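> give the three-dimensional model of this entry:
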Amino acid sequence: MSTASGRTSRRANDAGSQRGGEARDAGSGRGAGDESDAGDPVSAGGGSGANGPRSAGGAGGTSRSGRRRQRVEELATAYAALIDDPDAFRSASKRPLPTCFWRNPLKASKSDWEREVLSRFPTALPVEWMGDVYRLPPSQPPGGELPFVVGWYHAHEEIALAAVEALAPCPGERVLDLCAAPGNKAARLAIAVGDEGMVHANDPNKGRLAAVRHLAGRLGLTNIVSTAFDGTSIPLEPESFDRVLVDAPCSGEGTIRKDPQAGARSSGAAGTAGATGTAGATGTAGATGTAGAAGTAGATGTAGVAGTAGAADRGGRPAANATGSSGGSGKARGSRKRRSFAAYLASVQRRLLAKAITLVRPGGVVVYSTCTFNPEENEAVVDDVVQEARREIVLEDAAIPGLRSLPGVKAWKGRAFCVATDRTSRYLPHHNDTGGFFTARLRVRAATGSGRTGSRPTGSRRTGSWRGADLRPETEGKRGAAVDADYAGNAAADFRFRSVFHDRFGIPLERLAAFRVYEKGGSALWAASAGVRQPARGKTELLGLPALRPTPVGFKPTTFFLQRLGPWVESFVIELQNENEAWAFLARRPIEIPDGTAVANGTASADGAANADAAAVAGETAIAAGPANTNVAAIAAETAGGGYVHVRYGPFHLGCGHLEGTKLYSLVPKGVSAVVNGGRRG
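The predicted structure is shown next:
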C-alpha cells in the first residue's frame, strides 16, 4: 500500500473507488461471486449489513453508542450554522438507520411483488418520493428471503437514491457512473435506461468491481459495462454520454447513523479520531484488500494503524485506507502536511467533477453527490469546477419533490461562492429520517473553448479478448476512434448461443434477438442488451452477463442468465414442490426427483403431464466443451442436449441444475450457496 507521500495519480486512482454513504449491496457482509465464483461482498443474509452488528472495538473501551454521541456533538457544533434544528439533528443522528429496498421490474411484476414480497414484510411502507421503493424498521433487514436471493429486489440506503433521482435518466440513454462500486446506484440507473440504453460503471478498484458484477448478475442486468480506471483520467471520448453521475469519495460525515466515527478526519469537525478513532466500527474493509495488517478494519483497533475511520464508502469502509493516505501513525506526511484531509479529498473531487463535465454531451446532465456535511467538499467543489470549466454550465435546482432538504450555502468560512450554489440540495438526518447527503445538478450547455477540462482522453487501447457477433464500438463513426481488431463477426458464437437457449430451452428467437453475443477468452459467451457499446479504449471488465461457460462435460448455461430469461424457458425445466426444496437447491444440496416424475417437454412437475422422464433428460448427449468451433454444422452436432436443466419454484427462477438419473444437482454460483448456508437456510 502506498503511503501519504505517494504520487497524486495513485492516490486519486484509489480514492476514486470510494463511495460516500451507500449501504453495501444487499445489506450483509458475506461473499457471493458470479458463475466464476469470484469473491464478492454481497450477501443474501440480513444480519450484518448497513445496520447490522459490527465490531465494537475502540480506544479505552468506549462503547459504540458513546462514540456516536460524542461524534454527533462534534458535528452539531462544527456545522451549527448549517443545521436548521440542532435538537432534531442530534436526536435523528443517534437513532439506528431504517433500511429500504426497491423492486426489480425485470423479475417481479407488481402482482407477484405484492403477493410474494410485501406479504413477507408487513411493516414495509412505500417511500413517497420514489416509486417502487419501500422502507423497513432498523430491526428488520430485507435480506435473507428467497425473493432477494433470486434478484426480485435490492436493498439500498434510501437517501443515496437521491443522486439517481436528481440525475433522472431516461430510457435509451447512455449513462456513466464514474465511481460506481459497489454498484447500487449503477443498478438503479440500469433499470431506468432499460435495454436500449447502457450504464458504464467505472471504479479503479478491480476487487470492488466484483460487487458490481455480482449485483448485475443477481438482478439480471445485461446493460452494464464496467471498467477499472482512475475516474480523474478515464480514457473515454469527450461528449459521449447523456448523463454522468459523480458520487464522489468524501469524508462520510453523513453516515454517522451507521458509523460512530464518520468523517472524523474532515476539517469541519476533526474530533479526536486521529488518536482514538476505531476502524472496527467501519465494518470489514479487509475484504477489499485495503484495511490494516490484520486484514479487517475491526482487527486493527485504532485509526492510527488502520488508516482512519474518516472517509467512509457506501459500506462504511474508510476511504483513508483505500486511498493509501495513512501511515503507521495516522499523521499526514509529505506534501499533505499543510493541508487538511478534507482539502485533499476536495482536490480529488474537483478533478472527478471536471472530468465528468468533459464526458457529457451538450445539453446533458452531471450530478455531483457526497454523503458529507462539509461545504469544502460540496458547494466549494462545485463553485471551483464551474468557474474553471471550458464549457457553459448551468446549475439547476437539485431539490426532489416529496423529499425535504435545505438549499446549499452561498458562503462558508469567509468565502463567498460565485455560482448559484443555493440551487444544490442538503439532506440532514432529521429531514427524512435518513443519513446525510448532498446533491448538485449541472446542465452542460456547450463548449466555450479548449482547455484542460475539455482535452481528449489518453490511454491504451483495449487489451481484452472479447469478440462480438454483432457489436459496434461506442465511438463508431467518430474520427480517430480506436477500433478493437478482436471485434469481428462471430457467427459461430451467435449460433451456439441460439442453439442452447432456443433449441434446448425453447426460449423464443425474438427474445434472444434482444441480446448481442460476445466471446471472451476463446470460449465463454456473454450476452448484453442491444444498447450496450464497449469503450473504444482500455480493458473492459464486464460486458453484460455471462451466458455460457465451458466445463469438462459441456457448455453450461449460467444461473444468472437463465434466471433473467426464466419466464420464457419452455423446455427442460424442473419444478420444485416447496420452499424448503428451493433453499436446498440454492445451498447446492442434491435433491431427489421422485421416480416417475413427469417431464412435459422436458419440464418436470408433480402433475404427471409429461412426454419424457427425468432419466431421459439426464441421458442425452452432453454439449462438447473446448475452443470455439467456427463450423456451424459441427456446432449443431455439439448442442444436441446434455443434463442441464432450468430449476424454478413457483414464480421464482432459481437457475441452472444438472439432472443425473433421478438426482438433481445444483449449479448455482458457490458464492450464493455460501450465503445461503451461512444463513442456515435450506
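> who does the longest helix anywhere in the chain touch, helix- and strand-wise?
Scanning the chain for the longest helix, with DSSP state H as the assignment, gives helix 341-359. Here helix 341-359 touches helix 8-15, strand 241-247, strand 360-370, helix 379-388, strand 391-396, going by 3 or more Cβ pairs under 8 Å, 6 or more residues apart in numbering; DSSP states H and E. Placement of C-beta: from N, CA and C, glycine included.
> between that helix and strand 360-370, how big is the angle?
If you take axes from the mean of the first three to the mean of the last three Cα atoms, to 10 degrees, helix 341-359 sits at 160 degrees to strand 360-370.
> pLDDT score assigned to residue 300?
At residue 300, the model reports a pLDDT of 30.
> about what we covered before: single out the most deeply packed of the helices and strands packed on helix 341-359.
Among the helices and strands packed on helix 341-359, ranked by average contacts under mean count of other Cβ atoms under 10 Å, first place goes to strand 241-247 (a mean of 27).
> paired strands for that one, with orientation please.
Note on strand 241-247: by DSSP bridges, its sheet partners are strand 174-177 (parallel), strand 360-370 (parallel).
> could I get those strands as a markdown table with mean pLDDT?
Formatted as a markdown table, the strands paired with strand 241-247 follow (pLDDT from 0 to 100):
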| stretch | mean pLDDT |
| --- | --- |
| strand 174-177 | 98 |
| strand 360-370 | 97 |
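> compare those strands and give me the one nearest residue 495.
strand 174-177 (29.3 Å; Cβ to Cβ).
> helices or strands next to the helix or strand following that closest one in the packing?
Downstream of strand 174-177, the next assigned helix or strand under DSSP states H and E is helix 184-193. With contacts taken as 3+ Cβ pairs under 8 Å, 6+ apart, helix 184-193 sits against strand 153-155, helix 161-167, strand 174-177, strand 198-202, helix 206-219, strand 224-227, strand 241-247.
> pLDDT score for the closest residue to residue 565 other than its chain neighbours?
With Cβ to Cβ, 6 or more residues apart in numbering as the criterion, residue 565 has its nearest non-adjacent residue at 5.5 Å, and that residue is residue 507. Among the per-residue scores, residue 507 shows a pLDDT of 97.
> could you number the chain from 814 rather than 1 from now on?
Yep, numbering from 814; the last one is residue 1320 now.
> quick revisit: nearest to residue 1392, out of the helices and strands packed on helix 1154-1172?
Closest among the helices and strands packed on helix 1154-1172, using Cβ to Cβ: strand 1054-1060, at 36.7 Å.
> returning to what we had before: quick one: residues contacting the residue nearest to residue 1378.
For residue 1320, the contact set (Cβ atoms under 8 Å, 6 or more residues apart in numbering) comprises 1314, 1378, 1381, 1382, 1383.
> same thing but at 6 Å, please
By Cβ atoms under 6 Å, 6 or more residues apart in numbering, residue 1320 lies in contact with 1314, 1378, 1381.
> excluding chain neighbours, what is closest to residue 1306?
residue 1332 (4.4 Å).
> hang on, the one you found in a strand?
Yes: Residue 1332: assigned to a strand according to DSSP: H, G, I helix; E, B strand; the rest coil.
> hang on, it packs against residue 1308?
No: with contact defined as Cβ atoms under 6 Å, residue 1332 does not reach residue 1308; the gap is 11.6 Å.
> returning to that earlier point: can you tell me which of the helices and strands packed on helix 997-1006 is most buried?
Burial of those is given as mean neighbour count (mean count of other Cβ under 10 Å); strand 1011-1015 ranks first at a mean of 30.
> list of residues touching it?
Residues contacting strand 1011-1015 (Cβ under 6 Å, 6+ apart): 987-991, 993, 999, 1002-1003, 1025, 1036-1040, 1042, 1047, 1344-1345.
> before we move on, back to that, ok, the residue nearest to residue 1306 to residue 895 distance?
54 Å (Cβ to Cβ, to the nearest Å).
> kindly report the same for residue 1008.
Distance, residue 1008 to residue 895, by Cβ to Cβ: 42 Å.
> same question for residue 968.
Distance from residue 968 to residue 895, by Cβ to Cβ: 30 Å.
> low-scoring pLDDT stretches of the stretch 814-963 of the chain, where are they?
Across the stretch 814-963 of the chain, the ranges flagged by pLDDT under 70 are 814-875.
> could you pull out the strands in it for me?
Per DSSP state E, counting those that start in this stretch, the stretch 814-963 of the chain carries strands over the ranges 912-916, 938-939, 946-949.
> show me what the last one is packed up against.
Read it as strand 946-949. strand 912-916 (3 or more Cβ pairs under 6 Å, 6 or more residues apart in numbering; DSSP states H and E).
> and residue 1332 and residue 895? Which one has more around it.
In this comparison of residue 1332 against residue 895, neighbours counted by other Cβ atoms under 10 Å, the higher total goes to residue 1332 at 23 against 18.
> which pLDDT value belongs to that one?
What the model reports for residue 1332 is a pLDDT of 85.
> what bridges to it?
With DSSP bridges as the rule, residue 1332 is bridged to residue 1280, residue 1338.
> hmm, back to that, out of the helices and strands packed on helix 1154-1172, nearest to residue 918?
So among the helices and strands packed on helix 1154-1172, strand 1054-1060 is nearest, using Cβ to Cβ, at 20.1 Å.
> the closest one vs strand 1011-1015, what angle?
Using the same axes, to 10 degrees: strand 1054-1060 against strand 1011-1015 is 40 degrees.
> so which residues make contact with strand 1054-1060?
With Cβ under 6 Å, 6+ apart as the criterion, strand 1054-1060 contacts 976, 980, 982, 986-992, 1165-1166, 1169, 1172-1173, 1177-1182.
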